[in-house]
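Undergrad: Sequence and computational prediction follow.
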Amino acid sequence: MARINDNYLKLQAGYLFPEISRRVTEFTTANPAAKVIRLGIGDVTKPLVPAVLAAFHEGVDDMAKGESFHGYGPEQGYAWLSQVIVDKAYKPLGVTLKTSEVFISDGSKCDSSNILDIFDLSNKVAIGDPVYPVYNDTNVMVGRSGEANEQGYYEGLVYMPCTEENNFAPAFPTEKVDVIYLCSPNNPTGTVTSREQLKAWVDYALENDAVILFDAAYEAFITEENVPHSIYEIEGAKRCAIEFRSFSKTAGFTGVRCGLTVVPEELMGTTAKGEKYSFNKLWNRRQGTKFNGVSYPVQKAAAAVYSDEGWAQVKDVIDYYMDNARIIREGLTAAGIQCFGGVNAPYIWLRTPEGMTSWDFFDKLLNECHVVGTPGSGFGPSGEGYFRLSAFGDKEKVTEAVEKIKQKWGK
Ligand code: MLT
C-alpha cells in the first residue's frame, strides 16, 4: 500500500473556515428559521464592478471566435497584464519592476503555499501568532515541523507573538531564521506595519540573510497616509523579499481567482554548494512545470481593475466595506468592547466580552445573536480571547449584527 504523507496527521484540526462552516450548518439545520449574519470568513459580497464585468464578457466573447481564441497562455501570465500591474499598481508607489518579476496566478493563498517548493526544508521559518493559518499549516504539510505541543505550537517552527502588549507588531526572532512571513494589513488583527517597522524588518532580513514573504493581499484597504502598500517601497527590499497580492478582496475575485507574486531578479538564495542562485529563476521553473496560467477572460477582467473607470468603481466598493469596518469598530468600542484594526483593513479584532474563550464566544454569538465571526484562537495560541469580525458584509446586516452584540454585551 502506498504511504500517505504523515505530516498531514500532525495538523491539529480541520482547516479553520471549514470548521466554522460545519458549526454554522449544524446551527441552521437545527434552526431553519434563523437569519444568520455571516461576518466570519473574509469573503466579499458585492458583485464585480461594471468595467471589470465588461472586460470579462469581452474575454469570453474572444474565446468564441477563431481569430481571437486563446489556448494555453504563458504560465507567468500575459505580459499585457503584468505590464498593467507594473505601471498601475507599483509605479505610483515609486517602485520599478520588470514584467519578468511579476507572476500572475490563481490567488495569493495558493502562491503563499506553493512558494515553499523553492525553499529547502532545512530553512528555519518564522511566522506570526496569530497568523493566517495557511502559513503555518503548509509548513507542517511539507514536513518542516515536528508535532504540535499542548499550546498548539509546532516543534521546529519559530513563532512571533503579536499581542496587545507589542501593539500586534512582532519582535524579531531571537534565533536565526531564514524565512519570515509578514502580512500587512494584517489578517487576522487588522493592524498594519508602519514604514519604520517595515524598514527595520528589511534591514533585519538583509543583515541576517533571510527572505521575507510579504503578504499584501489587503493593501487596497489602507486608508491612512504613509502606510506602505508594498514592501518594495523600502530600500533594499528587492534583495530580501517576495510579495503576494490578490484581486480577491480588492476587486471581488474570491470566486473568479486571480492574484500575483513578485519575485525580484535581485533576490538570491544559496545552493547546497553555497553558490548564489536566483529565486526568480526557480519560481519561473516551478510555475512552468506545475501551473498552466490563469484563464484568458479572468486576466482580461483583472487588467480592467486598473483602468481609470475600473479603479474608480472598485474603490467605491472598498470604501463601502471600509465604512462597514468603521460601523463595527465605532459601534463596539462605544459599547465598551475593545477593538483593534478596521482602519486600514477590512477586519476588526476584538477582545471577547466577559473573558470568554474565542470558541465560547463564537458559539454564544451564533446561538444567541445569529451572528458568525471567526474565533481568534483559530489563528494561533495568542489569538485566544480574541475574535475577528469581517467587514465584507451587507451594510444593513453589519449594522444589525453590531446592534445585537451591543444589546447583549454592551456596557
Ligand atoms: C480569511 O477570512 O481569512 C480569508 O478569507 C481567507 C483567505 O483569503 O483565504
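TA: Thanks, I have it.
Undergrad: need the strands for the stretch 201-350 of the chain, in chain order.
TA: 211-215, 241-246, 259-262, 268-270, 276-278, 339-341, 347-351 (DSSP state E, counting those that start in this stretch).
Undergrad: Out of those, which is closest to L11?
TA: Nearest to L11, of all those, is strand 211-215, at 20.0 Å by Cβ to Cβ. Placement of C-beta: from N, CA and C, glycine included.
Undergrad: The residue in the stretch 201-350 of the chain positioned nearest to the ligand: what's it in contact with?
TA: Closest contact between the stretch 201-350 of the chain and the ligand, by Cβ to the nearest ligand atom, is at S248 (6.1 Å). Contact analysis of S248 by Cβ atoms under 8 Å, 6 or more residues apart in numbering lists V44, G107, S108, A217, T254, R257, C258, G259.
Undergrad: what's near enough to touch the closest residue to the second one other than its chain neighbours?
TA: Read that as G107. Nearest in space to G107, with sequence neighbours left out and distances taken as Cβ to Cβ, 6 or more residues apart in numbering, is G259 at 4.2 Å. Taking Cβ under 8 Å, 6+ apart, we find G259 in contact with 104-111, 217, 244-248.
Undergrad: can you put the residues you listed in JSON lines and add pLDDT?
TA: Listed next are the contacts of G259 as JSON lines, based on pLDDT from 0 to 100:
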{"residue": "I104", "pLDDT": "98"}
{"residue": "S105", "pLDDT": "98"}
{"residue": "D106", "pLDDT": "97"}
{"residue": "G107", "pLDDT": "96"}
{"residue": "S108", "pLDDT": "96"}
{"residue": "K109", "pLDDT": "96"}
{"residue": "C110", "pLDDT": "97"}
{"residue": "D111", "pLDDT": "98"}
{"residue": "A217", "pLDDT": "98"}
{"residue": "F244", "pLDDT": "98"}
{"residue": "R245", "pLDDT": "98"}
{"residue": "S246", "pLDDT": "98"}
{"residue": "F247", "pLDDT": "98"}
{"residue": "S248", "pLDDT": "98"}
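Undergrad: how near is V44 to D129?
TA: From V44 across to D129, the span is 27 Å (Cβ to Cβ, to the nearest Å).
Undergrad: about what we covered before: looking at the residue nearest to G107 now. What's its pLDDT?
TA: For G259, the pLDDT comes out at 98.
Undergrad: before we move on, what about G410?
TA: The model's pLDDT for G410 equals 84.
Undergrad: you'd agree K406 is up against T333?
TA: No - here K406 lies out of contact with T333, judged by Cβ atoms under 8 Å, at a distance of 10.5 Å.
Undergrad: sorry, back to before: any idea what the residue nearest to G107 is bridged to?
TA: Beta-bridge pairing of G259 under DSSP bridges involves S105, S246.
Undergrad: The closest residue in space to V49 that isn't next to it in sequence: neighbour count?
TA: Counting by Cβ to Cβ, 6+ apart, V49 lies nearest to Q313, which is 3.6 Å off, once chain neighbours are set aside. The local packing of Q313 (other Cβ atoms under 10 Å) involves 19 other residues.
Undergrad: quick one: contacts for Q313?
TA: When contacts are counted by Cβ under 8 Å, 6+ apart, Q313 touches V49, P50, A51, V52.
Undergrad: list the contacts for H370?
TA: Residues in contact with H370, defined by Cβ under 8 Å, 6+ apart, are A34, K35, V36, I37, K404.
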